[in-house]
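A.B. asks: I would like to see how this sequence folds:
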Amino acid sequence: MPLTFADELPNILPKFMPLYHFSADAEKWVPFPFSTSKDIPAGNFHILTWNLNCNWPHRKERLREVIRYLEEDIFPDLAKEKGAPPPCVLCFQEVHKVALKVLLRRQWIRDHFLVTPVNPESWPQEISGLVTVISKAIPVSRAFIIDLPMSTLDRQALFVDLHLKGAVSGEGSSTSGGQRIHALRIANTHLEVGGTITDSRAREKQLKHIARMLNVPNLNVAICVGSLGACRDDDAYVIAEAGFADAYTGKQWASETWGVQPESRSHVPARMDRVLYFPAENLHVEIPKRIGLGASIRNETSYVSDHLGVRTVVEI
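C.D. replies: Below you'll find the model as predicted:
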């Protein structure tokens, strides 16, 4: 079920990314073959996004605690049974290159996940960037990264193409054992941040850029998650203009992910981290929930990030 890029994107040049798994025999991360032929799980999968702040100190310790927190607090049954996590995709932003090494050494990640990238070569200046982690239960057919326009901070978007069984209708779906197999594309991104009109216009341009990469033939489900820098009232308009629905529909205070811990003295809290999607028949995205409240290191004197994470369940 190959996906194709839209013909009207001559100015968007994707860089295709290898996918990696840890080889116990080779004792290192090695390229993993893209495939849609393996057993395809049905329906639901978890998706999580978290900006890890590459500028704060203690990068290794903070990353180590984030992974422990995900393994033991978000999926507590896994820590007891040492079993594979449910189908899930973990999207991280602002991963520093020294923290990436820690991520790749965690046994939970080695045992149960595929990762892209595993080195900083695809990041601007090769210091920090995006990382997407996919549970081995989900077939992955493609990964690629693009540079975003109007960015003074070298923002990018990292895409992965997945395949799941479900009820979502669409021309690109095929059948297997009486169930439909659907192509999904997930964008992990970090948009321009700032409260000026110029910043908002940059986010609008960047989000539309991502939307065009998600609006391609043979694609049934399109989701964009990440640190979207949304801190102005007109950001809701920007999101809608790009064609996305915002998965969160609850109260503003319960979804604020920045300026909460530590509490900002100079800025009001903001819902910078979000889950967006293109509406589709039979597609349901649960209202995202914040994670990471209180997550800290060094005897609880330093938080793992100035952003909270966000998680949801996607049903197809």
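A.B. asks: where does this structure have low pLDDT?
C.D. replies: In the prediction, the chain carries residues with pLDDT under 70 at positions 1-11, 36-38, 42, 77-83, 167-179.
A.B. asks: what ranges do the helices span in it?
C.D. replies: For the chain, the helices defined by DSSP state H occupy 59-69, 76-81, 97-105, 107-112, 197-214, 235-241.
A.B. asks: the first one packs against which elements?
C.D. replies: To tie it back to what came earlier, the one meant is helix 59-69. If contacts are counted by 3 or more CB pairs under 8 Å, 6 or more residues apart in numbering; DSSP states H and E, helix 59-69 sits against helix 97-105, strand 296-297. C-beta here means a position set from N, CA and C on the backbone, and glycine is covered the same way.
A.B. asks: show me what the last one is packed against.
C.D. replies: Using 3+ CB pairs under 8 Å, 6+ apart as the contact criterion, the secondary-structure elements in contact with strand 296-297 are helix 59-69, strand 302-303.
A.B. asks: at 6 Å instead, please
C.D. replies: Strand 296-297 is packed against helix 59-69, with contacts defined by 3 or more CB pairs under 6 Å, 6 or more residues apart in numbering; DSSP states H and E.
A.B. asks: okay, the angle between the helix it packs on and helix 97-105?
C.D. replies: 30 degrees (axes from the mean of the first three to the mean of the last three CA atoms, to 10 degrees).
A.B. asks: could I have the CA atoms of helix 59-69 written out in PDB?
C.D. replies: The C-alpha trace of helix 59-69 is given here as PDB (Å, rounded to 0.1, in the frame of the first residue of the first chain):
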ATOM      1  CA  ARG A  59      20.000  16.500  30.100                       C
ATOM      2  CA  LYS A  60      21.000  12.900  30.600                       C
ATOM      3  CA  GLU A  61      19.300  12.600  34.000                       C
ATOM      4  CA  ARG A  62      16.100  14.200  32.800                       C
ATOM      5  CA  LEU A  63      15.900  11.900  29.800                       C
ATOM      6  CA  ARG A  64      16.500   8.900  31.900                       C
ATOM      7  CA  GLU A  65      13.700   9.900  34.300                       C
ATOM      8  CA  VAL A  66      11.300  10.600  31.400                       C
ATOM      9  CA  ILE A  67      11.800   7.000  30.100                       C
ATOM     10  CA  ARG A  68      11.400   5.600  33.600                       C
ATOM     11  CA  TYR A  69       8.300   7.600  34.100                       C
END
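A.B. asks: L293 is nearest to which of the helices of the chain?
C.D. replies: Proximity of the helices of the chain to L293 was assessed by CB to CB; the nearest stretch is helix 59-69, lying at 10.6 Å.
A.B. asks: can you list the buried residues in the closest one?
C.D. replies: By 16 or more other CB atoms under 10 Å, the buried positions in helix 59-69 come out as R59, K60, R62, L63, R64, E65, V66, I67, Y69.
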